[in-house]
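Colleague: here's a sequence, model it:
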Amino acid sequence: MKGGLRLRRRGDGQIICPEVFLAQGLFERAFGLIWASHIRGASGLWLPRCNAVHTCWMRAPIAVVFLDEGLRVVEVAPRLVPWRLRRCTAATQVIESSPDSPLAGLCPGDELVLESVS
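Modeller: Okay, the predicted model is just below:
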């Protein structure tokens, strides 16, 4: 997984996710956070070209934020429990994180900015 990214909310500039990892390969995209017993702090997993996630074999609930191509929030599942499937046809990408992350508190319409962290 590639790191070095963060998400902030457009408008007020608040850092929403200080550490974002990009799921690049098939394995990372298919298994996402399955093997994580918990997600570290406010970090998140970014799944581009995605509009559905599953929590099969997950050990804990996750927060799922569905985004359109402009990084606008279209739907939030703040606490998706294990063994569920969630789809949002308006989404083109997804961020998965801990239910305690600030990502879980986003609302539809919020606009985000993805930045490189050096």
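Colleague: bridged to the most centrally placed residue in the chain, which residues?
Modeller: The centre of the chain sits closest to residue 95, judged by CA atoms, centre = their mean, with a distance of 1.4 Å. Note on residue 95: beta-bridge partners by DSSP bridges are residue 46, residue 65.
Colleague: hmm, residue 71 and it touching each other?
Modeller: No: using CB atoms under 8 Å, residue 95 makes no contact with residue 71, being 9.6 Å away. Where C-beta positions appear, they are placed from N, C-alpha and C, glycine not excepted.
Colleague: all strands for this structure, in order.
Modeller: In the chain, the strands defined using DSSP state E lie at 2-9, 15-22, 44-48, 52-54, 62-67, 73-80, 85-87, 93-97, 112-116.
Colleague: so of the ones you listed, which one's packed in deepest?
Modeller: strand 62-67 (a mean of 27; mean count of other CB atoms under 10 Å).
Colleague: pLDDT averaged over that strand - what is it?
Modeller: Across strand 62-67, the average pLDDT comes to 96.
Colleague: hey, C-alpha coordinates of that strand in PDB?
Modeller: The C-alpha trace of strand 62-67 is given here as PDB (Å, rounded to 0.1, in the frame of the first residue of the first chain):
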ATOM      1  CA  ILE A  62     -15.400   0.100   9.900                       C
ATOM      2  CA  ALA A  63     -16.400   3.600   8.700                       C
ATOM      3  CA  VAL A  64     -17.000   3.800   4.900                       C
ATOM      4  CA  VAL A  65     -17.200   7.100   3.100                       C
ATOM      5  CA  PHE A  66     -18.400   7.000  -0.600                       C
ATOM      6  CA  LEU A  67     -17.000   9.800  -2.800                       C
END
